[in-house]
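Chemist: For reference, the sequence and a predicted model appear below.
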Amino acid sequence: MSVSIEHITKIYGTQKALDDVSFNIRSGEVVGFLGPNGAGKSTMMKIITCFLPQTSGKVSVCGYDVAEQSLEVRKNVGYLAESNPLYLDMYVKEYLAFIAGLHHIKNPEKRIQEMIDITGLQVEQKKKTGALSKGYRQRVGLAQALMHDPKVLILDEPTSGLDPNQLQEIRNLIVSIGKQKTVILSTHIMQEVEAVCDRVIIINKGKIVADKLTGDMKTLAGNMTVITVEFDKEPNQAELQKLPGIDSMEVVNPTTVKLHITTNIDIRPEIFHYAVEHNLTVLTMHKEEKKLEEVFKNLTQESSEGILS
């Protein structure tokens, strides 16, 4: 395993930030580590990267114990913090040379150029980091995290505050990096998780509440489907809601409703029959499966017990 977390608990005074957390991440996985603010994500990441000691339990990275072999762990981990602290008065190549020196990189000029090429910094490499856009600063942050060729890359909100073009560029870069390294990605952007992550771990109130492959995560919310229907005239809401399988109904406007369905049976033919029987015409109908964002809300707004897997 690249990362092994065994019964980790972290207590600050009287507050239990992490409560008996366990999970493993295999080599080459890109894992989304999600949770609301205060759930314990940052604490867990700081323990993995040797910034904080755990109260109890064991963490190992590439076989090295974070408490007993922290220097070896640091050699195998690249970390991009949410704040992305850079020396803004340093030029890009100057800053990367400084990072290469900290890691005692052999042939640093070659490695710096490799990082510039990998992260797409060619055009901006002669500027000071303080003069870069946020997107390019994130690229510099990724370059420093990758400088020593770590086996595990930990990214904390790497696309926060980026415009749509920058966001897509950084996502593509993460996908490319993930083909060669283990990546742990903390983010609040659900679309990002679906775009780049193989697996999702959700933490809430210091406990793991879900751990599944990204494609399977939606099943945790059950079989909820939303069908949006627009009629040519206002429907009889009470009669419409009597159709089998409709759990609830949301009125968008007098002629448009969202039907929340909790059955595996496709009820769209029933909706058309209802329209014919009530002298209505269906103008549009759109079926939408449960989104990962809704699953996240369901799991973190309620108190969950154990791991859903």
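Modeler: Nice, thanks for sending it over.

Chemist: how about the nearest residue to Asp65, chain neighbours excluded?
Modeler: Lys58 (6.7 Å; Cβ to Cβ, 6 or more residues apart in numbering). Every C-beta, even on glycine, is put in place using the N, C-alpha and C of the backbone.

Chemist: count of neighbours near that neighbour?
Modeler: 15 (other Cβ atoms under 10 Å).

Chemist: After the helix or strand harbouring it, which helix or strand is next?
Modeler: Taking DSSP states H and E as the criterion, Lys58 maps to strand 56-61. Counting by DSSP H and E, the next helix or strand C-terminal to strand 56-61 is strand 64-65.

Chemist: what packs against that following strand?
Modeler: helix 70-76 (3 or more Cβ pairs under 8 Å, 6 or more residues apart in numbering; DSSP states H and E).

Chemist: picking up where we left off before, where does the residue nearest to Asp65 land on pLDDT?
Modeler: Note for Lys58: predicted pLDDT of 96.

Chemist: who are the neighbours in contact with it?
Modeler: 4, 6-8, 65, 67 (Cβ atoms under 8 Å, 6 or more residues apart in numbering).

Chemist: For it, give the beta-bridge partners.
Modeler: As for beta bridges, Lys58 partners with Glu6 under DSSP bridges.

Chemist: distance of it from Asn204?
Modeler: To Asn204, Lys58 is 22 Å away according to Cβ to Cβ, to the nearest Å.

Chemist: What of Ile118?
Modeler: 35 Å.

Chemist: circling back to that earlier point, select from the contacts of Lys58 the one having the most neighbours.
Modeler: Going by other Cβ under 10 Å, Ile8 tops the contacts of Lys58 with 25 neighbours.

Chemist: quick one: that one is in a helix?
Modeler: No. Read with DSSP: H, G, I helix; E, B strand; the rest coil, Ile8 is strand and lies in no helix.

Chemist: Skipping adjacent residues, who's closest to it in space?
Modeler: Gly57 (3.7 Å).

Chemist: That neighbour: how many residues sit nearby?
Modeler: Residues lying near Gly57 (other Cβ under 10 Å) number 17.

Chemist: That one and His7 touch, don't they?
Modeler: Yes. If you go by Cβ atoms under 8 Å, Gly57 and His7 touch, sitting 4.2 Å apart.

Chemist: Pull up the overlap in contacts between the two.
Modeler: Counting by Cβ under 8 Å, 6+ apart, the residues touching both Gly57 and His7 are 20-22.

Chemist: Write the ChimeraX selection for whichever of those residues are buried.
Modeler: Of the shared contacts of Gly57 and His7, the buried ones can be selected in ChimeraX as follows, counting by 16 or more other Cβ atoms under 10 Å:
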select :21
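
Chemist: closest to His260 among the shared contacts of Gly57 and His7?
Modeler: His260 lies nearest to Val21 out of the shared contacts of Gly57 and His7, by Cβ to Cβ, at 33.2 Å.

Chemist: So for the residue nearest to Phe98 when sequence neighbours are not counted, what's the pLDDT?
Modeler: Distance criterion Cβ to Cβ, 6+ apart; nearest residue to Phe98, sequence neighbours excluded, is Met90 at 6.8 Å. Listed pLDDT for Met90 reads 96.
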